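J.: Sharing a sequence plus its predicted fold:
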Amino acid sequence: MTRAVPAASEASDDRGGGRSEQKRRAILNAATAVFLKGGYLGTNMDEIAALSGVSKQTVYKHFGSKEGLFVEIVSSMTNHAGDLVHNDLPKLQDREDLARFLFDYGYRQLSIVVTPHLMQLRRLVIGEVARFPDLARVLYERGPARAMRSLARTFEDLAARDLLMFEDSMMAASHFNWLVMSEPLNRAMLLGDDAIPNDAELQRCVREGVRVFLAAYGKA
């Protein structure tokens, strides 16, 4: 498809880095809402342009294609969620605080993962896995796989402090992850946003998951 050249006023506007970044952010915000609502096939680039207040040519200038825009949305949302989970984690100061430390970690991860927009993104990517297998791989690597690697490193540090015992840190991380997340995540994925557990239910899932995990991996 031949792409039209942006109008002179738009080209001039985009020379300023700040204005160009504002347009890019507006397009991403609008596109995220449209893609999550209508899916890939149901998304119209004209609607994205209108919602973001730019021309369709400007959308193509920033992202190249509908597919390029979709890839950027999945990557940026996944990276942002991962950063919220893994950056600025508290440090465990005292072995007596181990259960609380694990609870805080598990609750932070679970409450972020089951937010409606991330559940919508997961469902969308799963629905498009045949069309975009590499994109599903990006979601997996930057989401669940990143979480497992980070948690395994944390557990290795705790084992070095004689607080946990295991033979395989990745297996221990997987067990912790699914003890905490499996029931609420499956419910949210399969039954929709209205089935996402409330905060009290999320805390109960994490608390019980930590209890069972420490029964298996904790050191007296």
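T.: Right, received. Where do you want to start? Numbers count the residues shown, from 1 in each chain.

J.: all contacts plus neighbour counts: C-alpha atoms, from now on.
T.: OK.

J.: so what's residue 28 closest to, chain neighbours aside?
T.: Of all residues not flanking residue 28 in the chain, residue 73 sits nearest, at 6.8 Å (C-alpha to C-alpha, 6 or more residues apart in numbering).

J.: Which helix or which strand is home to that neighbour?
T.: Residue 73 belongs to helix 66-86 when assigned by DSSP states H and E.

J.: do the same with residue 176
T.: In the assignment (DSSP H and E), residue 176 maps to helix 169-191.

J.: right, and the helix or strand after that helix?
T.: Sequence order places helix 199-217 as the next helix or strand after helix 169-191, per DSSP H and E.

J.: Let me see the domain layout of the protein.
T.: Residue ranges for the domains of the chain, per automatic domain parsing: 8-64, 74-217.

J.: among the ones you listed, which gets the worst mean confidence?
T.: With a mean of 82, domain 8-64 has the lowest mean pLDDT of those.

J.: Quick check: residue 175 touching residue 212?
T.: No: assessed by C-alpha atoms under 8 Å, residue 175 is found out of contact with residue 212, at 9.8 Å.

J.: any idea how far residue 150 lies from residue 127?
T.: Using C-alpha to C-alpha, to the nearest Å, residue 150 is found at 28 Å from residue 127.

J.: And residue 219, by the same measure?
T.: According to C-alpha to C-alpha, residue 219 and residue 127 sit 43 Å apart.

J.: More neighbours: which of these two?
T.: residue 127 (14 against 11; other C-alpha atoms under 10 Å).

J.: follow-up on the earlier one: now do the shared contacts for residue 175 and residue 212.
T.: The overlap between the contact sets of residue 175 and residue 212 (C-alpha atoms under 8 Å, 6 or more residues apart in numbering) is empty.

J.: now stretch 83-99, how far from the centre of its chain.
T.: Relative to its chain's centre, stretch 83-99 lies at 20 Å (C-alpha atoms, centre = their mean, to the nearest Å).

J.: now the end-to-end length of it.
T.: Stretch 83-99: ends 23 Å apart by C-alpha to C-alpha.

J.: So for that stretch, what gets flagged as buried?
T.: Residues of stretch 83-99 classed as buried: 85, 86, 98, 99 (neighbour count, 16 or more other C-alpha atoms under 10 Å).
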